[in-house]
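> give me a 3D structure for the following:
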Amino acid sequence: MITFKADATPMPERRQYADELERAEDALEAALVAALRTVARRTLVGVSAETADMARARAADLATWQPVRDVLAAHLQRIAEAGADAVRTDIERTMLGVKRDMSALLGGIAWDLAHADAIAWAIASAGALVGEMAMNTAPRIQLLIAEWLTNGEPLYVLAERIQDGYIYSAERARAIAVTEVTRAFAEGNMMAWSRSGVVDRHRWSTSVDELVCPICAPLHNKIVVVGAEFALGITSPPAHTRCRCGLSPVVAVADEYDPAVDLPVGLENQPYVGLAGKAPPPSVADIERAIAQHGRQNWRRAFRP
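Have a look, this model is predicted:
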């Protein structure tokens, strides 16, 4: 049984793109601040002491949140596509650095489909996130209305509390921006890895600084199969609000193998064939024939016992 050594060449992870992602966070935060202000105005327009409950109903109405949805969809799409592009650049550089004649193999990867995946994901994710925001905001508005009615305060007091509180604040916009940029970049990475056919595992990477939290610190450098859990309920960043972690792929490279590290998934307890020099690692030609026979996602079947 032949296994594949994890390539040691640096691959896309959040630390490598820190400056670009910080700029993306700032841009998304600014756009969200403006969008949240619009939502706040829509929530309160025409509301009077007699119709104050309209504010709660509007806060729960997804149509009220359309400006936020539009901002999220546009920004998350760009970030997810950037994550996919980063994978393409680094996989091609890494694989071509290992075997120059891998160029024909890599040329057949449908990178454009990773972009299509990113667009579809961004639209769906923006809709889901806005739904959560609306669902969480309506009860908060209801509490503010109840407090306002109990105190018998002027209407402008309610408006100020709604507009100046956390619900539509820059602080909330910042938390969303950091969290969702992390998510979108990681999703773009995983979409491109899936399309590449050369990545089936990935490694968690923290920012390795004093801000790393107790949730993420134990996950640093942990490797799992793509889609598997790093910890209970955590399959990819973000692990929590304002998470800054990222992923890097473990690329299958046929130059050498280490059975102690690179056990094939599902075959951990089966004996290996071809150790101690009994069978050499597959050549690029072997891999290309396996791809032709089994497809880009399943070519490793050719080398299993």
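> list the buried residues for stretch 199-213?
Across stretch 199-213, burial judged by 16 or more other C-beta atoms under 10 Å covers Val199, Asp200, Arg201, His202, Arg203, Trp204, Ser205, Thr206, Ser207, Val212. No exception for glycine: its C-beta is placed from N, CA and C like everyone else's.
> tell me the secondary structure for the last one?
Right, the one you point to is Val212. Three-state call for Val212 (DSSP: H, G, I helix; E, B strand; the rest coil): coil.
> and what of the third one?
The local conformation at Arg201, judged by three-state DSSP, is strand.
> quick check: the gap between it and Val33.
To Val33, Arg201 is 39 Å away according to C-beta to C-beta, to the nearest Å.
> what do you get for the first one?
For Val199, the distance to Val33 under the criterion C-beta to C-beta works out to 37 Å.
> likewise the last one?
From Val212 over to Val33 the distance is 27 Å, taken as C-beta to C-beta.
> same for the helix or strand harbouring Ala59, what does it pack against?
Here Ala59 is covered by helix 53-60, with elements defined by DSSP states H and E. Other elements packing on helix 53-60 under the criterion 3 or more C-beta pairs under 8 Å, 6 or more residues apart in numbering; DSSP states H and E are helix 18-44, helix 111-151.
> after the last one, next one along is what?
With elements assigned by DSSP H and E, the helix or strand that comes after helix 111-151 is helix 155-164.
> starting at the chain centroid, how far to that next one?
Using C-alpha atoms, centre = their mean, to the nearest Å, the distance from the centre of helix 155-164 to the centre of the chain it belongs to is 36 Å.
> what's the separation between the nearest residue to Tyr166 once chain neighbours are set aside and Met135?
Counting by C-beta to C-beta, 6 or more residues apart in numbering, Tyr166 lies nearest to Arg172, which is 5.7 Å off, once chain neighbours are set aside. The gap separating Arg172 from Met135 is 15 Å, by C-beta to C-beta.
> neighbour-wise, which of these two wins?
Using other C-beta atoms under 10 Å as the criterion, Arg172 and Met135 rank with Arg172 on top: 18 against 12.
> isn't that one right next to Leu36, touching?
Yes: if you go by C-beta atoms under 8 Å, Arg172 and Leu36 touch, sitting 7.1 Å apart.
> mean confidence for the helix or strand just after the helix holding Ala59?
Downstream of helix 53-60, the first helix or strand assigned by DSSP H and E is helix 66-98. Helix 66-98 shows a mean pLDDT of 84.
> also stretch 213-220?
Stretch 213-220 comes out at a mean pLDDT of 92.
> stretch 111-124 too?
Stretch 111-124 shows a mean pLDDT of 89.
> hey, C-alpha coordinates of that stretch in CSV?
Taking C-alpha atoms only, stretch 111-124 is exported to CSV below (Å, rounded to 0.1, in the frame of the first residue of the first chain):
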residue,chain,number,x,y,z
TRP,A,111,-11.1,26.2,-11.3
ASP,A,112,-14.0,28.2,-12.8
LEU,A,113,-16.4,25.8,-11.0
ALA,A,114,-14.8,26.8,-7.7
HIS,A,115,-15.8,30.4,-8.5
ALA,A,116,-19.3,29.3,-9.3
ASP,A,117,-19.3,27.4,-6.0
ALA,A,118,-18.2,30.6,-4.2
ILE,A,119,-20.9,32.7,-5.8
ALA,A,120,-23.6,30.2,-4.8
TRP,A,121,-22.2,29.9,-1.3
ALA,A,122,-22.1,33.7,-0.8
ILE,A,123,-25.7,34.2,-1.8
ALA,A,124,-26.9,31.4,0.4
